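Participant: show me how the following folds:
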Amino acid sequence: MFSALTFLPQGALMEKPTVMMTAEDLDEITKAEMKMYETGEVNSDMEEDEEHLGAGVTGIITNAMTYIDPKDDEYYNHEASDSETEEIEDMRFRKDDIVAVVGRVEDESCMINIVVFNMKTQALYVHHDFAISSFPLALKYVSYIPSELKAEKDGEPGLGALLAIGTFEHGIEVWDLDTVDSGEPLFTLGGVDRKRLSAREAKRRKTKKRLLETHREGSHTDAVLDFEWNEKFPHLLLSCSSDGLIKLWDMEEQKCEKDFDIHTDRVHSIHWMPDKDALQVVSVGFDQRIVVFDLQSEEVIFDHKFEFEPECSSFDAEGRLYVAGADGNVIIVNFEDESVIDYKLGKETITGIGLGAATPGLMLVTKLDGQYAVYDVREELIESPAVIYENKMNQTRLFTACGCDQFPIAAFGGSNGEFQILNYPTMPAVQEAFQ
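Facilitator: A predicted model of the protein is given here:
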């Protein structure tokens, strides 16, 4: 199943990502070399290497860097074969690639898929994937690397292509998307530390539990449901959780700067107020409230009560907030004049809304029963959206949807492991409606 997704800004990724060789990869190489020694299939160069390095040296290596294109390696002295050249080209990110990041869960495995879509060729494929420790609840692009992690630079914090992941583990994992097979996040905000206790230590603590869990300083104490990065304040990250708190994180210091106890129940989603220089935040809670507050003064600027359980929220290109959820309910808030519009799109729970700056007036809606539809929500239809296109996926529940700010597309995914992109310019119904 697909549980979360997001689009990356165009050109955010390096053309040729770095590949890390994991300990498992090195172990495989070591076993292969040992087999060659046992069978006598070893050349004099390898024997000299063993004599120089000493036996078992590979056992102390945890990971190593390799190159997408071997010619980037200063020790490269081999002409690539046709198959190697094809593999190199497959790993490159091209300027016209559209990249989506998708959270996928299969049985007990939790993965992140890096998916590439090309509008010209209609090609859609998984570029690479990596395993994470827990169910991915939220995915967001982040572009800030703390000073201490800015490798081979001048020590100043800088931009990079990072992915923040919220999970049931109470923390926010931040991964480097320019590195393939890194095996671990670049850093984690909050989360849980686990320590296995000896029988004697467990007895001393008077507990039957042999695994001691402690929250890191400033951590959420329940699942992280959403977070939001702000390009205007690149070192800051907002997060919200089932613990009912909103947190402001300083990614340079990798610590929680402040807690905000705004809601009386779980906090579903969090947004920076668009086009505002002031540090204003919009939050949506399971207490059925939409709240705008100031981070500095903590003053509540707007507080609206609604009547359903929220499942998704998103801003449109005009700065209006859409919140949708149980029983097909939708509410739209225009913060300029504090006007509120509400209506129902059927009776089934809405699980995803896809709104993008590149497609003003278009809204993708996904529902729990497998229905998905594209609506015309231009100004004259905003109170009563018109269906442009609708379909239903059999034996599938849909869980997530996302619009794209740079291209006229939207995407969604669900329980059957199928991820789909709607390319609006190729959809006759959409073209007819917007002639």
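
Participant: where do the strands of the stretch 51-200 of the chain begin and end?
Facilitator: 64-67, 98-106, 109-117, 124-132, 138-142, 162-166, 171-176, 179-180, 187-190, 192-196 (DSSP state E, counting those that start in this stretch).

Participant: so which of the ones you listed comes closest to residue 309?
Facilitator: strand 138-142 (17.5 Å; C-beta to C-beta). Yep, even glycine has a C-beta here, placed from its N, CA and C like the rest.

Participant: and that closest one, what other elements does it pack with?
Facilitator: Applying 3 or more C-beta pairs under 8 Å, 6 or more residues apart in numbering; DSSP states H and E, one finds that strand 138-142 contacts strand 2-7, strand 98-106, strand 162-166, strand 224-229.

Participant: one more time with 6 Å, if that's ok
Facilitator: strand 2-7, strand 162-166, strand 224-229 (3 or more C-beta pairs under 6 Å, 6 or more residues apart in numbering; DSSP states H and E).

Participant: next, format the strands of the stretch 51-200 of the chain as JSON lines and append distance to residue 228.
Facilitator: Listed next are the strands of the stretch 51-200 of the chain as JSON lines, based on distance: least, C-beta to C-beta, whole Å:
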{"stretch": "strand 64-67", "distance to residue 228": "32"}
{"stretch": "strand 98-106", "distance to residue 228": "16"}
{"stretch": "strand 109-117", "distance to residue 228": "19"}
{"stretch": "strand 124-132", "distance to residue 228": "20"}
{"stretch": "strand 138-142", "distance to residue 228": "7"}
{"stretch": "strand 162-166", "distance to residue 228": "9"}
{"stretch": "strand 171-176", "distance to residue 228": "11"}
{"stretch": "strand 179-180", "distance to residue 228": "24"}
{"stretch": "strand 187-190", "distance to residue 228": "13"}
{"stretch": "strand 192-196", "distance to residue 228": "23"}
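
Participant: need those in TSV with mean neighbour count, mean pLDDT and distance to residue 321, can you?
Facilitator: Below are those laid out as TSV (neighbours: other C-beta atoms under 10 Å; pLDDT from 0 to 100; distance: least, C-beta to C-beta, whole Å):
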stretch	mean neighbour count	mean pLDDT	distance to residue 321
strand 64-67	14	44	44
strand 98-106	20	95	23
strand 109-117	18	94	27
strand 124-132	15	93	29
strand 138-142	22	96	17
strand 162-166	25	96	20
strand 171-176	24	95	23
strand 179-180	18	88	35
strand 187-190	22	95	25
strand 192-196	11	79	32
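
Participant: which one of those lies nearest to residue 230?
Facilitator: Nearest of the strands of the stretch 51-200 of the chain (C-beta to C-beta): strand 138-142, 10.0 Å.

Participant: strand partners of that closest one, parallel vs antiparallel please.
Facilitator: strand 162-166 (antiparallel) (DSSP bridges).

Participant: how about residues contacting the partner strand?
Facilitator: Here strand 162-166 makes contact (C-beta atoms under 6 Å, 6 or more residues apart in numbering) with 101, 136-140, 142, 172-175, 177, 224, 227.

Participant: skipping its backbone neighbours, what lies nearest residue 5 in space?
Facilitator: Spatial nearest neighbour of residue 5, excluding adjacent residues (C-beta to C-beta, 6 or more residues apart in numbering): residue 102 at 4.6 Å.

Participant: ok, now which ones touch the one you found?
Facilitator: Neighbour list for residue 102: 2, 5, 113, 115, 419 [criterion: C-beta under 6 Å, 6+ apart].

Participant: JSON lines for the residues you listed, including distance to residue 319?
Facilitator: JSON lines is the format used below for these (distance: C-beta to C-beta, whole Å):
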{"residue": "2", "distance to residue 319": "28"}
{"residue": "5", "distance to residue 319": "23"}
{"residue": "113", "distance to residue 319": "31"}
{"residue": "115", "distance to residue 319": "29"}
{"residue": "419", "distance to residue 319": "29"}
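
Participant: and these, which two are furthest apart?
Facilitator: 2 and 115 (10.2 Å).

Participant: so where's this structure uncertain?
Facilitator: 21-90, 151-158, 197-212, 276-277 (pLDDT under 70).

Participant: go again using 50 as the cut-off
Facilitator: Scanning the chain for pLDDT under 50 picks out 42-68, 70, 74-78, 80, 84, 152-155.

Participant: is the residue nearest in space to the middle of it bridged to anything, and to what?
Facilitator: Centroid check for the chain by C-alpha atoms, centre = their mean gives residue 139 as the closest residue, at 2.2 Å. Under DSSP bridges, the beta-bridge partners of residue 139 are residue 165.

Participant: what segments of this protein are helices?
Facilitator: Counting by DSSP state H, one finds helices in the chain at the ranges 23-39, 44-53, 82-91, 199-204, 428-433.

Participant: check what contacts the last one and list those residues.
Facilitator: Spelled out, that is helix 428-433. Outside helix 428-433, the residues that reach it (C-beta under 6 Å, 6+ apart) are 376, 388-389, 424.

Participant: now, the residues you listed that are in strands?
Facilitator: Among those, the members found in strands (DSSP state E) are 376, 388-389.

Participant: for those, give me TSV that also has distance to residue 10 and neighbour count.
Facilitator: Shown next, in TSV, are the ones in strands among the contacts of helix 428-433 (distance: C-beta to C-beta, whole Å; neighbours: other C-beta atoms under 10 Å):
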residue	distance to residue 10	neighbour count
376	26	18
388	26	21
389	25	17
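
Participant: hang on, the earlier thing: and the helices and strands packed on strand 138-142 as JSON lines, adding distance to residue 107?
Facilitator: JSON lines is the format used below for those (distance: least, C-beta to C-beta, whole Å):
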{"stretch": "strand 2-7", "distance to residue 107": "14"}
{"stretch": "strand 162-166", "distance to residue 107": "19"}
{"stretch": "strand 224-229", "distance to residue 107": "23"}
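
Participant: quick check: residue 213 touching residue 192?
Facilitator: Yes. Counting by C-beta atoms under 6 Å, residue 213 does reach residue 192; the two are 5.2 Å apart.
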